[in-house]
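Student: sequence unknown, structure follows:
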Ligand SMILES: CCCCCCCCCCCCCCC/C=C/C(=O)SCCNC(=O)CCNC(=O)[C@H](O)C(C)(C)COP(=O)(O)OP(=O)(O)OC[C@H]1O[C@@H](n2cnc3c(N)ncnc32)[C@H](O)[C@@H]1OP(=O)(O)O
Ligand SMILES: NC(=O)C1=CN([C@@H]2O[C@H](COP(=O)(O)OP(=O)(O)OC[C@H]3O[C@@H](n4cnc5c(N)ncnc54)[C@H](OP(=O)(O)O)[C@@H]3O)[C@@H](O)[C@H]2O)C=CC1
């Protein structure tokens, strides 16, 4: 009869190297996720999604599905703990991020009392650009809500609470600021009139369709149920052909949508929002692009992070 060799796991504080917890008789095929649950029993304040366990204090966090006996450790494994801080579920994050701007914008569109002069309460703008802007803004956030619920397959279960605060301040604040100006009774419509609005509307819709197509393509990468990151490739859908040239075409389309919205409304706060979003997405796209290059030797050479041949 074969004898199972149990493992011992000691969990240390990376700064003091002091022992936080000692687990004996851990099954060799226990996963990191299961070890986190055992650690949680000793420290109820550190629920599993709040914990990162590492083999090296400065190394990468181990994934929840990694198996103890497959790690480069002896029968006594030393793991280092990092508290990731309070966590919130991704769906919760995205829903609050996107439902906020949707409703805030409508308050300004319908000119609720106390926003503008009382004589304008519940009046509407005579300019089609204002109505179209409201439709486009709503379509964008309804689409993001639908994608959050039905399309995205996130690899992390949670996200740091501080990010939700940052993202909500960003989205809600900008939604109020740009809605205030676009729906203002003194708003002046775009310089080139309907022609400018219609071209911008067409560009906006193309970018929304493109962004949605990329999200579907990313979703299909995980149709096998895995949480791994794979190389995304163009599919039969022409909107995904941007993958020939960039690593994050969803960001390219997103930036395109906000620049189109700027042209449609010809409004300075919208342009500022588009610019800051573009800078933020460029930073993230560069990070993702270099991670792809590092992780995949066969990664296509032609791709740039966000703007074909340029950036
Ligand atoms: C006039 C008005 C002007 C106003 C100006 C305002 C300017 C404001 C600029 C700010 C702009 C902000 C714009 C936000 C807009 C957002 C829009 C969106 O909709 S984006 C969609 C939402 N997405 C996000 O917010 C991204 C959130 N994701 C993350 O932050 C990361 O994925 C992650 C931290 C959750 C995980 O990072 P990842 O790189 O995947 O993991 P690593 O393993 O490489 O870890 C890196 C580092 O992070 C630590 N980490 C990992 N997971 C967590 C976690 N759950 N909680 C806390 N920390 C985590 C990990 O330990 C690593 O740290 P290390 O020290 O190396 O151990
Ligand atoms: N206006 C603005 O300022 C911003 C708007 N956005 C909008 O939000 C959308 C989502 O943003 P963000 O979450 O940063 O987008 P990501 O491209 O990081 O992720 C989108 C989804 O695809 C998954 N995914 C990404 N790459 C891969 C891969 N190689 N293999 C498998 N799955 C993958 C992600 O999973 P995982 O959980 O592993 O990451 C996630 O579920 C953007 O496309 C954009 O429309 C985003 C940023 C800023």
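Tutor: On my side now, so go ahead. Note that the structure is predicted; figures quoted are calculated from it, not measured. Residues are numbered from 1 along each chain as shown. Ligands and ions are numbered 1, 2, ... in the order given.
Student: other SSEs contacting the host helix or strand of residue 195?
Tutor: Take DSSP states H and E as the rule and residue 195 turns out to sit in helix 193-220. Secondary structure elements in contact with helix 193-220, counted by 3 or more CB pairs under 8 Å, 6 or more residues apart in numbering; DSSP states H and E, are helix 128-146, helix 249-265. Glycine gets a C-beta too; all of them are placed from N, C-alpha and C.
Student: Let me know which of those helices is tucked in deepest.
Tutor: helix 249-265 (a mean of 23; mean count of other CB atoms under 10 Å).
Student: is any part of the helix holding residue 195 close to ligand 2?
Tutor: Yes - residues of helix 193-220 contacting ligand 2 under CB under 6 Å from any ligand atom: 211, 218.
Student: can you state the direction angle for that helix and helix 128-146?
Tutor: Interaxial angle of helix 193-220 relative to helix 128-146 (axes from the mean of the first three to the mean of the last three CA atoms, to 10 degrees): 10 degrees.
Student: Return the residues of the stretch 101-250 of the chain in contact with ligand 2.
Tutor: Neighbours of ligand 2 within the stretch 101-250 of the chain, by CB under 6 Å from any ligand atom: 152-156, 211, 218, 221-222, 229-230, 232, 248, 250.
Student: Just the buried residues of the residues you listed.
Tutor: Burial by neighbour count, judged by 16 or more other CB atoms under 10 Å, picks out 211, 218, 222, 232, 248, 250 from these.
Student: Find the pair from those with maximum spatial separation.
Tutor: Maximum pairwise distance among these (CB to CB): 18.0 Å, between 211 and 222.
Student: Minimum pLDDT in the residues of the stretch 101-250 of the chain next to ligand 2, which residue is that?
Tutor: The pLDDT minimum for those sits at residue 156, where the score is 82.
Student: Could you list the low-pLDDT ranges of this protein?
Tutor: When residues are selected by pLDDT under 70, those of the chain lie in 1-4.
Student: so residue 8 touches residue 77, yeah?
Tutor: Yes - assessed by CB atoms under 8 Å, residue 8 is found in contact with residue 77 at 7.2 Å.
Student: Looking at these two, which one has more neighbours?
Tutor: residue 77 (20 against 14; other CB atoms under 10 Å).
Student: Who does that one form a beta bridge with?
Tutor: Taking DSSP bridges as the rule, residue 77 bridges to residue 9.
Student: Can you classify residue 5 by secondary structure?
Tutor: coil (DSSP: H, G, I helix; E, B strand; the rest coil).
Student: Just flag the most distant two among the residues of the stretch 101-250 of the chain next to ligand 2.
Tutor: Using CB to CB, the two most remote members of these are 156 and 211, lying 21.3 Å apart.
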